[in-house]
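Engineer: I'll drop the sequence and a predicted model, then ask my questions.
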Amino acid sequence: MMKETMRLLREGLIGAEAKIIRSRNKDAIGFAGRIADESRNMITIDCGDAKRRFIKDQHAFRITVGDHTVEIDGEDLVGRPEERIKKWLQGKITGTSASR
């Protein structure tokens, strides 16, 4: 778990497969595709028919990196990659889990 979560936080999200598993907006749950872009507060997912933008801190994501899956709360993804690693090392990112 730690190795893949750390890799995700360090390398960024672009190119990873993602699915929204929880959201403040019930209609957003289930959207899935490849992450096309990310900014400090937004994530853009290419869902096949369109690219959709989501506010990170309003969703929880299941992100697939290689053959590992990480579930992470969007609040933990807010910020640039180097900011996320710092938060994770300080123990401020807690809602992560991984499976093979």
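Structural biologist: It's in.
Engineer: C-alpha from now on. contacts and neighbour counts both.
Structural biologist: Fine.
Engineer: once you drop chain neighbours, what's closest to the residue nearest the centre of the chain?
Structural biologist: For the chain, Phe61 is the residue whose C-alpha lies nearest the centre (C-alpha atoms, centre = their mean; 5.1 Å). Spatially, and ignoring its direct neighbours in sequence, Phe61 is nearest to Ile20 (4.6 Å; C-alpha to C-alpha, 6 or more residues apart in numbering).
Engineer: show residues contacting the host helix or strand of the one you found.
Structural biologist: Here Ile20, judged by DSSP states H and E, is contained in strand 17-23. With C-alpha atoms under 8 Å, 6 or more residues apart in numbering as the test, strand 17-23 has contacts from 28-35, 45, 58-65.
Engineer: alpha carbons of it, in CSV - could you do that?
Structural biologist: C-alpha atoms of strand 17-23 as CSV (Å, rounded to 0.1, in the frame of the first residue of the first chain):
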residue,chain,number,x,y,z
GLU,A,17,-7.3,5.2,-14.6
ALA,A,18,-9.8,6.8,-12.1
LYS,A,19,-13.3,6.2,-11.0
ILE,A,20,-15.4,8.3,-8.7
ILE,A,21,-16.6,6.2,-5.8
ARG,A,22,-18.0,8.9,-3.5
SER,A,23,-19.2,12.4,-4.2
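Engineer: just the strands in the chain please.
Structural biologist: 17-23, 32-38, 42-46, 51-55, 59-65, 68-73, 97-99 (DSSP state E).
Engineer: can you dump the C-alpha atoms of the fifth one in CSV for me?
Structural biologist: Spelled out, it's strand 59-65. Output of strand 59-65 as CSV, limited to C-alpha atoms (Å, rounded to 0.1, in the frame of the first residue of the first chain):
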residue,chain,number,x,y,z
HIS,A,59,-15.0,13.4,-4.5
ALA,A,60,-13.3,10.2,-3.5
PHE,A,61,-11.5,8.3,-6.2
ARG,A,62,-10.4,4.8,-7.0
ILE,A,63,-7.2,5.2,-8.9
THR,A,64,-5.4,2.4,-10.7
VAL,A,65,-1.6,2.7,-11.0
